[in-house]
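*Asks:* the following block contains a protein sequence and its predicted model.
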Amino acid sequence: MSFSVKSEVNENVAVITITGALDSSTAPQLHEEVQKIIQLNPTELVLNVENLDFMASAGLRVIIFAKQKLGSAVKLFLVKPQEQVVETLRMTGLLFSVTIVDKYPE
């Protein structure tokens, strides 16, 4: 599956849909979308990662960047992450900074 990233903002909720593999070659695309979203000051950031097959450390860095730039007041949701992605988040401690849901809004 090829990598793609799309974003939209509705009523201060930013949704970024990511598909494929998030690695060092594709992370800059996600980083660019996150930077656009940050400027809109959303109250929630939803990462739809249901079709994300793989996430390398470069992808983690983008999520950490988003969380730091948006601040603690902005909730960060991950929608239907693969078990491998959840395990990566758990090992790095980032799991405690995000809310994992089966769909948004729940």
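*Replies:* Done, it's in. Numbers count the residues shown, from 1 in each chain.
*Asks:* for residue 81, what is the enclosing helix or strand?
*Replies:* Under DSSP states H and E, no helix or strand contains residue 81.
*Asks:* now it: closest residue in space that isn't a chain neighbour?
*Replies:* residue 49 (4.8 Å; Cβ to Cβ, 6 or more residues apart in numbering). Quick note: C-beta positions are derived from backbone N, CA and C, even for glycine.
*Asks:* now do the contacts for the closest residue to residue 95 other than its chain neighbours.
*Replies:* In this structure, residue 95 finds its nearest non-sequential neighbour in residue 89, 4.1 Å apart by Cβ to Cβ, 6+ apart. By Cβ atoms under 8 Å, 6 or more residues apart in numbering, residue 89 lies in contact with 60, 78, 81, 95, 98.
*Asks:* what's the separation between residue 101 and residue 41?
*Replies:* As judged by Cβ to Cβ, to the nearest Å, residue 101 and residue 41 stand 22 Å apart.
*Asks:* same question for residue 4.
*Replies:* For residue 4, the distance to residue 41 - Cβ to Cβ - is 25 Å.
*Asks:* am I right that residue 41 is in a strand?
*Replies:* No. Counting by DSSP: H, G, I helix; E, B strand; the rest coil, one finds residue 41 to be coil, located in no strand.
*Asks:* great, nothing more from me.
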